[in-house]
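Participant: I need the structure of the sequence given here:
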Amino acid sequence: MASYQLWQMQPGNLAVMMLLLVLHQVLAQGPPPLQVCPEQSDISPCICTVKKNGLDILCETTDLAHITKSMGTLKGKSPIIFYLKLRHNNLPKLQGFVFLALDIRHLTIHNSSLAAIEENALSSLGKGLTQLDVSLNQMKTVPSQALQHLFHLLILNLNHNKISVIHNNAFEGLETLEILTLYENKITQIDPEAFRGLESKLKRLNLGGNDLNSVPQKALSILDTLKKLEIQENKIRTISEGDFEGLQNLDSLILAHNMITAVPANVFSHLSQLNSLELEGNKISVIDKDAFKGLEENLQYLRLGDNQIHTIPSEALRPLHRLRHLDLRNNNINVLAEDAFTGFGDSLTFLNLQKNDIKVLPSVLFENLNSLETLNLQNNKLQRIPQDIMEPVIDTLRIIDITDNPLNCSCELIWFPKLLEDLKNKDDEMSQKKKPLCHMSLDNREYFVQAMPTEKMHCSGLNIIENP
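Facilitator: Numbering: from 1, shown residues only. Have a look, this model is predicted:
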């Protein structure tokens, strides 16, 4: 008896006993019930398909009466409805208890003229519903009362509605919510306590495509679990220090396509975990030397294209020693300083300078770019790209674009076809398709750089860069 008790007390044996007990319970319950679609005639015009995790029900171009009839048929079958998709219907109001006694995991009511959801319309789905999509409808407010009993909701999509104000406690009860998207509404105001209740789980928030004229700092400040914040395509003119306070776990911030004119000092200083920052498509002409203070340890992707920047903001960029991707396309950059990339070039793999007004590349411009793989100089004013300027990056480059420049055909460009040959061996098709032209004054003709008549140019005696 003592030896049996001792065997029971061993941790390994206890785990085996627990496993056997669970297995016995599963076998006693039997296999899960087989999911079967009702007869098509019983749920027409809806269509039912059996999926791995349950039924997939699609109801399109119909009305409330037919949908209610189909739901009634499904109630008698007690199925797991993994997807219920109501699309392109005439459904201005979602009636109370319409889904009563149904187990629905993902519910979509898309492009169905939906303007109101009654308080009890979704309450019976609280235990099972994990995704709710009510996009492209006519809702003017967040249906807060109808949402508050969805205790397991992970994703809520309210895109493309007509919501203008997010009131305090609009999402109360949605404590499990991880993704909230409000893209392309008409939001002008977000109350200070609008997101109260979401602070424990919310990871992604999309406020893009609205009419905000400032960052809703007070409402956002409680979201310390947030990883991705999208506020693109609004009417934000200024960003200030403190705007992003409280978002200490933010990994990605998208402020693209607003009306921002300047990036002031310390504006991102609270975002020490930020990996990606998108500021393209604004009207930025001023970048303070401390604009990116606080981002030194983690920022890898910085997009500043389509702005009004006149020079590389080297002093602001220099502390960003992990920066890998720098996009400065389509600005007003016309002069590059020799030390433009000094200090932060060791990690840089992607550099986009296309659609600027650059006329000259300084002789030591690329000297510090030890990891550069992609270089885009397309559509500038370059007449010369001497091979000694390219020498520091010639071994690491994998993609290069020098098209749409007024290049002169000269022996200085011999490096380019040789580099393309090397990239061809690396199976880079993109660079092979880029065929820049150059002009030869000797016969007043244009040639593809890859096919320059080197015999006319007397280049054979030059010390040409050889690629490994």
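Participant: what's the neighbour count on residue 100?
Facilitator: When neighbours are counted by other Cβ atoms under 10 Å, residue 100 registers 14. All C-beta atoms are positioned from the backbone trio N, CA, C, and that covers glycine.
Participant: Please, where are all the strands along the stretch 301-450 of the chain?
Facilitator: Here the stretch 301-450 of the chain has its strands, by DSSP state E, counting those that start in this stretch, at 301-303, 325-327, 350-352, 374-376, 399-401, 407-408, 437-440, 445-448.
Participant: Please convert the ones you listed to TSV, extending it with mean neighbour count.
Facilitator: Listed next are the strands of the stretch 301-450 of the chain as TSV, based on neighbours: other Cβ atoms under 10 Å:
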stretch	mean neighbour count
strand 301-303	20
strand 325-327	20
strand 350-352	20
strand 374-376	21
strand 399-401	20
strand 407-408	19
strand 437-440	17
strand 445-448	12
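Participant: With mean pLDDT and distance to residue 100 added, can I get those strands in CSV?
Facilitator: Putting those into CSV (pLDDT from 0 to 100; distance: least, Cβ to Cβ, whole Å) gives the following:
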stretch, mean pLDDT, distance to residue 100
strand 301-303, 98, 48
strand 325-327, 98, 51
strand 350-352, 97, 54
strand 374-376, 96, 56
strand 399-401, 93, 58
strand 407-408, 96, 72
strand 437-440, 94, 70
strand 445-448, 94, 70
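Participant: for those, which one sits closest to residue 360?
Facilitator: Comparing these against residue 360 with Cβ to Cβ, the closest turns out to be strand 407-408 (12.9 Å).
Participant: Sheet partners, orientation included, of that closest one?
Facilitator: Strands that pair with strand 407-408, judged by DSSP bridges, come out as strand 437-440 (parallel).
Participant: So what touches the strand it pairs with?
Facilitator: Contacts with strand 437-440, where a contact means Cβ atoms under 8 Å, 6 or more residues apart in numbering, come from 403, 406-410, 413, 445-449, 452-453, 456-457.
Participant: ok, now with 10 Å
Facilitator: Where contact means Cβ atoms under 10 Å, 6 or more residues apart in numbering, the residues beyond strand 437-440 that reach it are 383, 385, 402-410, 413, 416, 445-449, 451-453, 456-457.
Participant: among the residues you listed, which are in helices?
Facilitator: If you go by DSSP state H, the contacts of strand 437-440 have 416, 456-457 in helices.
Participant: ok, and the most crowded of those?
Facilitator: Highest neighbour count within the ones in helices among the contacts of strand 437-440, by other Cβ under 10 Å: residue 416, with 22 neighbours.
Participant: ok, it to residue 228 distance?
Facilitator: With distances taken as Cβ to Cβ, to the nearest Å, residue 416 is found 40 Å from residue 228.
Participant: Next, residue 277: secondary structure please.
Facilitator: strand (DSSP: H, G, I helix; E, B strand; the rest coil).
Participant: Mind pulling up the pLDDT for it?
Facilitator: At residue 277, the pLDDT value in this model is 98.
Participant: and if you look at the one 4 residues further on?
Facilitator: Taken from the predicted model, the pLDDT recorded for residue 281 is 98.
Participant: Could you pull up the residues touching the nearest residue to it once chain neighbours are set aside?
Facilitator: Sequence neighbours aside, residue 257 is the residue nearest to residue 281 in space, at 3.8 Å (criterion: Cβ to Cβ, 6 or more residues apart in numbering). Contact analysis of residue 257 by Cβ under 10 Å, 6+ apart lists 208-209, 231-234, 236, 278-282, 306.
Participant: go again using 7 Å as the cut-off
Facilitator: Neighbour list for residue 257: 232-233, 281 [criterion: Cβ atoms under 7 Å, 6 or more residues apart in numbering].
Participant: what does residue 125 give?
Facilitator: Residue 125 neighbours (Cβ under 7 Å, 6+ apart): 99, 104, 150.
Participant: give me phi/psi at it?
Facilitator: Main-chain torsions, residue 125, degrees, to the nearest 10: phi -100, psi 10.
Participant: just to revisit the earlier point, which one of the ones in helices among the contacts of strand 437-440 is nearest residue 322?
Facilitator: The nearest member of the ones in helices among the contacts of strand 437-440 to residue 322, counting by Cβ to Cβ, is residue 416 at 30.7 Å.
Participant: residues in contact with the closest residue to the closest one other than its chain neighbours?
Facilitator: Leaving aside its chain neighbours, residue 416 sits nearest to residue 449 (5.2 Å; criterion: Cβ to Cβ, 6+ apart). Residue 449 makes contacts with 407, 413, 416-417, 436, 438, as judged by Cβ under 7 Å, 6+ apart.
Participant: mind redoing it with 8 Å?
Facilitator: 402, 407, 409, 413, 416-417, 435-438.
Participant: And for residue 167?
Facilitator: Counting by Cβ under 8 Å, 6+ apart, residue 167 has contacts 141-142, 144, 191, 194.
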